[in-house]
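Peer 1: need the 3D shape of this:
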Amino acid sequence: MAIAEKGDGIYSLLRRHGVSPTKFYNTFVELNAENLGEDESLFAGRSYVLPDTLGVKVPEVVHEGITYPLFGSGFAKVDSVSNRLEDTVYYLISGHGGPDPGAVEKYDGKLIAEDEYAYDVTLRLARELISHGAEVHVIVQDDNDGIRDERLLELDTDETVLSKSIPLGQLERLKQRSKAVNDLYLKNRGKYQRLLVTHVDSRSKGTNIDVFFYHHEKSQNGKKLAESIHQTFMDKYKKFQPNRLYNGTFMERSSLYMVKNTLPAMAYIEIGNIRSKKDQRRILDPDNRQALAKWISEGILLDYESSKTFISK
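Peer 2: This next block holds a predicted model:
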């Protein structure tokens, strides 16, 4: 048994007790499902059952782990959980970056920016997908940030697109990242390939939103990907927030540049409104960001395993 401390989430609790969160997250949730709050959160002061790392059967471990410096020193080693995404290729883009921080808002007297939180969720998602054997390309990168467990993420402007500086003009920025994805897509022609673009929305302060998804109107594979992730979020809310209706949607929005001008089937994800006090809890809390990445990855697994057949966009 382990007692959750103030500020603990599943990842921090497991790490503190020497248990691999990558391998045993799902087992922990199964053992403690009736003792978890919304978004699989922990209650400070409560006792939780730790997985028996020797006696509990987990998915086959393919290898002991590979190091990815982009994730930062505390997260660089990625334990391999399974090969469920073997022979798949995923491209991950976090919104804005470089000279464009995206939406900004003041919190406790400090500026918080959309690009920093979208990037953190994107790295966490990349790590989840890699743990299941996927080939992952993180398109927007920041070599000195990595995954961060702070609530207030420092703003900077040194993000790049695959080591190339990000242009000042918005259209040039979008062209740069769509070209980066399309070039890789053509090199990997014939493989199962998908694109995920992650943003934090910006609406009026009083407007809180559930996570929602866009796809290209003519892409059945993109629709299926968005629908699979959406279904996963619906199932999670039903389980962990049974008294709250999940209002997130998935819909066509082909007018968005990244939806219209990229080759892989894709889902465009808005994870919350940075100006909403309620949504800030989802975005600022590092364990909630981890839960977001985990749920998105489970939707991706659902999408892939329900098809197993690549059909080009």
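Peer 1: could you list the domains of this structure?
Peer 2: For the chain, automatic domain parsing gives the domain ranges 1-58, 62-305.
Peer 1: how far off centre is the shortest one?
Peer 2: It refers to domain 1-58. Relative to the chain's own centre, domain 1-58 is displaced by 20 Å; criterion: C-alpha atoms, centre = their mean, to the nearest Å.
Peer 1: who's in contact with the helix or strand of the chain with the lowest mean pLDDT?
Peer 2: In the chain, the helix or strand scored least confidently by mean pLDDT, DSSP states H and E is strand 66-67, which has a mean of 80. Residues outside strand 66-67 that contact it (C-beta atoms under 8 Å, 6 or more residues apart in numbering) are 76-78, 80, 130. In short, each C-beta sits where N, CA and C put it, glycine included.
Peer 1: what strands flank it, and is each parallel or antiparallel?
Peer 2: Sheet pairing of strand 66-67 (DSSP bridges) gives strand 77-78 (antiparallel).
Peer 1: hmm, who's touching the next helix or strand after the strand it pairs with?
Peer 2: Beyond strand 77-78 in the direction of the C-terminus, DSSP states H and E gives the next helix or strand as strand 88-94. For strand 88-94, contacts defined as C-beta under 8 Å, 6+ apart pick out 115, 118-119, 121-122, 125-126, 129, 133-140, 177, 181, 184-185, 188, 191-199, 258, 264, 300, 304.
Peer 1: what are the phi and psi angles of the closest residue to residue 284 other than its chain neighbours?
Peer 2: Distances taken as C-beta to C-beta, 6 or more residues apart in numbering place residue 151 nearest to residue 284, at 4.6 Å, with adjacent residues excluded. The phi/psi pair for residue 151 (degrees, to the nearest 10) reads phi -80, psi -40.
Peer 1: OK, contacts around residue 151?
Peer 2: So residue 151 contacts 284-286 (C-beta under 8 Å, 6+ apart).
Peer 1: cool, residue 288 as well?
Peer 2: Residues near residue 288 by C-beta under 8 Å, 6+ apart: 9, 39, 41, 281-282.
Peer 1: how about 7 Å then?
Peer 2: If a contact means C-beta atoms under 7 Å, 6 or more residues apart in numbering, then residue 288 has 39, 281-282 as its contacts.
Peer 1: same deal with residue 152?
Peer 2: Contacts of residue 152 (C-beta under 7 Å, 6+ apart): 107, 110, 112.
Peer 1: helices of the protein, start to end?
Peer 2: 10-16, 21-32, 114-131, 170-187, 220-240, 257-260, 277-284, 286-305 (DSSP state H).
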